[in-house]
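Asks: Build me a model from this:
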Amino acid sequence: MENALATTGAGGVPAAAAPAKFANPLTQIGGIMKNPAVKRSLPMIFIVGLVLSAALAWMALATPPQRTLFPQLPDSDKQAVVDALGAAKISSSVDDSGGITVAEDDYHRARILLAGQGLPKAAPGGYAILDQLPMGVSRAVEGERLRQARETELAKSIGEIESVADARVHLAMPESSVFVRDNAQPSASVIVRLEPGRSLTQAQVRSIVNLVASSVPGMKADQVTIIDQMGALLSKPTDGSEGSTLSGERIDYQRRIEDKYRAQLNTLLTPLLGAGNFSAEIQADVDLDESQATRESYDKQGVVRAEQGTWAGNTPGETTPGGIPGALSNTPPAASTLATATPGPAGATVQPGTAAGAPAPVKTSENFNRAYDLGKEVSVTRAAPGSIRRLSVAVLLREPEGAKPRTPAEIQQINDLVKAAVGYNQQRQDTVTVISRKFSPEAVAGDVVRPWYDADWVPMAARNGTALIIALLVLFMGVRPMVKAINKRREADAAASSAAAAAALAAPAGPIPGAAEQVSMEMLESARSYDDRVGLVRGFTRDNPARAALAIRDMIQSDAKQ
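Replies: Numbering: from 1, shown residues only. Prediction:
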């Protein structure tokens, strides 16, 4: 009795057979696939799978590529940005890195919309960080916060420059030392992310360098390094001289001169010839050398300004007094005679007490100090750079299609107009050349033709066209053949059923030959479950519809006889 219970399970099923039922999953799947209901549903399941695959392919291809709107934002700003985009009916999503993405077609519209609403709001930074310092922090922490505040403020200031999307600033500020030899100068590194298709001029780069150097005490301009998002070095190292800076300024000045003349020619010739019907190029040889000269000149003949000195001399024919003093004191003087005065040496003065008309005394010695005023002329000449040494102008006129060529008189008139517009100077050996030729067929007036495959509508049309082609392929190569096969099978089954019914009505009543060979009572009794028995009967009915109809007819007739 115990052995019988051990070898049988619940419901009379052998115990060893129960685990064997779930031993091989492939066998179970094969059994399920052999189920008549499953076999009849396979075409429909296949069709539904194809339709779902086509729908997934359509969704994957029709969805435009996503573009990151903001890579990193606080959670509060993320929510505000998502709400603003949803209100404007712009679909957005948050990627795995936490950035907000939108469709590439809606990128610029979303940026303009958020900028108009002031989103995203500026995160706490700059000198606001200092307000969050707790009391009692160390000096090192306070210094790091101050450095971080300076970096944030400098990055914001640089981000206000045109063509700069955002910027980051790194300051290296060494600690001060009491030893002079150990003192190191502070330095800075700036990385800028430029707008697509934009670049910084050398003047803007120098402005950023001076801005950073002036914002940090003790920092020099040559200690600032600037790179862009591609890793290109924008700031040029300087050797302390102004040669590199002045060369760049001179080139920019020459370019501005040429652009000025080119704009004048465009303004003059556009109303006459039309936009795109001419091309003008100007080469200006600009004198960029600065010269300065100082000159001093003096008069050879000076003017006596002051004289001081003494001289000694005697009169010709004068005898030295002699004799007894006082003997001739009562003798009257001799009668005076008029004589012509003899001029003395140049510059000699008449000795006081000399009678008029008396012969001039002869100078025997002199001692004079004279001061002369000399004429002085100081001339300073400074020639400023920027004068044009030579100007070369070339103008190409477009020959009108299907019209008469321009006459030499017309070309000469345009040549005279160009000379007047640029200030032609023959002494400088300026040259002005004007010719008229047909333009190349590929050249388009005033603009460059974009290839059709670079148009904005091409990517969207390609995505939608690819999705449509996949859907049509699934429909015509998958769904349509399956539907045709199902219809043909149904028609064949209906024809077979009709033939079997007709044969059954014509055949006499009796046992069905061969039916017992296929499904017997032993097979039905040996089935493991009721579902297996139903499966056997269904398989027999599907494979032999005519015999099944005859069997049902015999069963009905036997029930009627009873």
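
Asks: In the host helix or strand of Gln283, which residues are buried?
Replies: In this assignment (DSSP states H and E), Gln283 forms part of strand 278-287. Residues of strand 278-287 classed as buried by neighbour count (16 or more other Cβ atoms under 10 Å): Phe278, Ala280, Ile282, Ala284, Val286. Glycine gets a C-beta too; all of them are placed from N, C-alpha and C.

Asks: do the same with stretch 197-216
Replies: Buried residues in stretch 197-216 (16+ other Cβ under 10 Å): Leu200, Gln204, Val205, Arg206, Ile208, Val209, Val212, Ala213, Val216.

Asks: dump the residue contacts of the third one.
Replies: Contact partners of Val205, counting by Cβ atoms under 8 Å, 6 or more residues apart in numbering, are Ile226, Leu234, Ser235.

Asks: Only alpha carbons, please: show stretch 155-172 as PDB.
Replies: Extracted as PDB, the C-alpha positions of stretch 155-172 are listed here (Å, rounded to 0.1, in the frame of the first residue of the first chain):
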ATOM      1  CA  ALA A 155      33.800  84.300 -15.200                       C
ATOM      2  CA  LYS A 156      30.600  86.300 -15.200                       C
ATOM      3  CA  SER A 157      32.300  89.400 -16.400                       C
ATOM      4  CA  ILE A 158      34.000  87.500 -19.200                       C
ATOM      5  CA  GLY A 159      30.700  85.800 -20.200                       C
ATOM      6  CA  GLU A 160      29.200  89.300 -20.900                       C
ATOM      7  CA  ILE A 161      31.600  89.700 -23.900                       C
ATOM      8  CA  GLU A 162      30.000  89.100 -27.300                       C
ATOM      9  CA  SER A 163      30.700  85.600 -28.800                       C
ATOM     10  CA  VAL A 164      31.400  84.100 -25.400                       C
ATOM     11  CA  ALA A 165      28.800  81.600 -24.200                       C
ATOM     12  CA  ASP A 166      30.400  81.000 -20.800                       C
ATOM     13  CA  ALA A 167      33.800  81.000 -19.100                       C
ATOM     14  CA  ARG A 168      35.700  79.600 -16.200                       C
ATOM     15  CA  VAL A 169      38.600  81.200 -14.400                       C
ATOM     16  CA  HIS A 170      41.300  79.500 -12.300                       C
ATOM     17  CA  LEU A 171      43.500  81.700 -10.100                       C
ATOM     18  CA  ALA A 172      46.800  80.500  -8.700                       C
END
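
Asks: what about the helices in the stretch 401-550 of the chain?
Replies: Ranges of helices within the stretch 401-550 of the chain are 408-422, 457-474, 480-506, 515-518, 521-525, 530-543, 545-561, based on DSSP state H, counting those that start in this stretch.

Asks: Give me the average confidence score over the fifth one.
Replies: Here the mean pLDDT over helix 521-525 is 67, rounded to a whole number.

Asks: Least reliable of the helices of the stretch 401-550 of the chain by average pLDDT, please.
Replies: Mean pLDDT is lowest for helix 515-518 out of those, coming in at a mean of 46.

Asks: Flag every buried residue along the helix or strand hosting Asp166.
Replies: Asp166 belongs to strand 164-172 when assigned by DSSP H and E. For strand 164-172, a neighbour-count test (16+ other Cβ under 10 Å) marks Val164, Ala167, Val169, Leu171 as buried.

Asks: can you tell me which two in these are farthest apart?
Replies: Within the buried residues of strand 164-172, Val164 and Leu171 form the most distant pair, 18.4 Å apart (Cβ to Cβ).

Asks: re the thing from before, Lys156: which of the buried residues of strand 278-287 is nearest?
Replies: Nearest to Lys156 among the buried residues of strand 278-287, with distances taken as Cβ to Cβ, is Val286, at 39.0 Å.

Asks: surely that closest one meets Gly386?
Replies: Yes - assessed by Cβ atoms under 8 Å, Val286 is found in contact with Gly386 at 6.6 Å.

Asks: hang on, the earlier thing: any residues touching the strand holding Gln283, and which ones?
Replies: For strand 278-287, using Cβ under 8 Å, 6+ apart, the contacting residues are 250, 253-254, 257-258, 261-262, 265-266, 269, 385-398, 418, 422.

Asks: Neighbouring strands of that strand in the sheet, and parallel or not?
Replies: strand 387-398 (antiparallel) (DSSP bridges).

Asks: tell me the angle of the strand it pairs with relative to helix 408-422?
Replies: Relative orientation of strand 387-398 versus helix 408-422 (axes from the mean of the first three to the mean of the last three Cα atoms, to 10 degrees): 150 degrees.

Asks: Could I get the buried residue list for strand 387-398?
Replies: For strand 387-398, using 16+ other Cβ under 10 Å, the buried residues are Ile388, Leu391, Val393, Val395, Leu396, Leu397, Arg398.

Asks: roughly how far is stretch 28-39 from the heart of the chain?
Replies: 62 Å (Cα atoms, centre = their mean, to the nearest Å).

Asks: Start and end of it, how far apart?
Replies: End-to-end distance for stretch 28-39: 15 Å, by Cα to Cα, to the nearest Å.

Asks: What's the mean pLDDT across that stretch?
Replies: The average of the pLDDT scores along stretch 28-39 is 72.

Asks: what's the helix ranked longest in the chain packed up against?
Replies: Longest helix of the chain, by residue count under DSSP state H: helix 243-273. Judged by 3 or more Cβ pairs under 8 Å, 6 or more residues apart in numbering; DSSP states H and E, helix 243-273 is in contact with helix 202-215, strand 278-287, strand 387-398, helix 408-422.

Asks: quick check, distance from the first one to the centre of its chain.
Replies: Helix 202-215 has its C-alpha centroid displaced from the chain centroid by 19 Å (Cα atoms, centre = their mean).

Asks: same deal with the shortest one?
Replies: Strand 278-287 has its average C-alpha position 30 Å from the chain's average C-alpha position, going by Cα atoms, centre = their mean.

Asks: next SSE after that strand?
Replies: strand 291-298.

Asks: Can you point out the buried residues in that following strand?
Replies: Buried-residue list, strand 291-298, by 16+ other Cβ under 10 Å: empty.

Asks: Sheet-wise, list the partners of the next helix or strand after it with their directions.
Replies: Note on strand 291-298: by DSSP H and E, the next helix or strand toward the C-terminus is strand 303-314. Strand 303-314 pairs in its sheet with strand 362-373 (antiparallel), by DSSP bridges.

Asks: averaged over its residues, what pLDDT does the strand it pairs with have?
Replies: The pLDDT scores in strand 362-373 average 74.
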